[in-house]
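**Student:** A predicted structure for the sequence below; I have some questions about it.
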Amino acid sequence: MGRLRSLPRTVGELDAESLSQIMGRRVTSVSVIGADAGTSSRARLALTGDGVPVSMFVKMPAETVATRLMGELGRLAQTEVLFYRELSAQLTGLPAAYGSAHGDAHNRQACERDLLAVYRQALAAGGGPDLDPDELWLRYRQGSLYAYVAPLITAGMGGMQAESIAMEGVKRGVAALTDLETVAALKQSLP
């Protein structure tokens, strides 16, 4: 899995070199002021360097495999990165964005079976069931319906996001459904 990652995956992996690359500014030191976790790992960092803020808030992938998997299905990180990269400068009252990065969308296809294997092993090691790999793959494909339903509801409700962003979410959800053959996977569970 590490060979597929070009970006830090944990707050602990954020160092001056990686932040310099992401921010496009020279960072000379980084220290963690505080951190917590939820749908993502979050931290406030103290920085020194050329043209960098004294402190900044960062979000990283969630700590647990299960939470990361759900976040990836919903494309939470990718959506937030696109927001800060493409829209935040046009809005007032938002914190300044000093940099954003997310692995490319093809990473899901390249590593999703590996991620599921890691999840399966971690679940069993933690005392959970030893899931059959084929059954887990089927459930993953079925669960990808969320990647379509969530943006469809957002687009249908209107006013929650710019229409172009909401429709892009629907488009990507449809692509995931097609790629993972989700409809066929769902039909396998029908009597």
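**Tutor:** Thanks, I have it. Residues are numbered from 1 along each chain as shown.
**Student:** Now stretch 135-153: buried residues?
**Tutor:** Under the neighbour-count criterion of 16 or more other CB atoms under 10 Å, stretch 135-153 has 136-138, 140-142, 144-145, 147-148, 150-152 buried. Using the backbone N, CA and C atoms, a C-beta is placed for each residue, glycine as well.
**Student:** between the residues you listed, which is nearest Ala96?
**Tutor:** Distance to Ala96 across the buried residues of stretch 135-153 (CB to CB) is lowest for Pro151, with 27.3 Å.
**Student:** Spatially, what comes nearest to the closest one if we skip its sequence neighbours?
**Tutor:** Leaving aside its sequence neighbours, Pro151 sits nearest to Gly169 (CB to CB, 6 or more residues apart in numbering; 2.9 Å).
**Student:** helices or strands up against whichever strand or helix holds that neighbour?
**Tutor:** Secondary-structure assignment from DSSP states H and E places Gly169 in helix 163-179. In terms of contacts (3 or more CB pairs under 8 Å, 6 or more residues apart in numbering; DSSP states H and E), helix 163-179 is packed against helix 76-82, helix 146-157.
**Student:** switch to 7 Å and redo it
**Tutor:** The contact analysis (3 or more CB pairs under 7 Å, 6 or more residues apart in numbering; DSSP states H and E) places helix 163-179 against helix 146-157.
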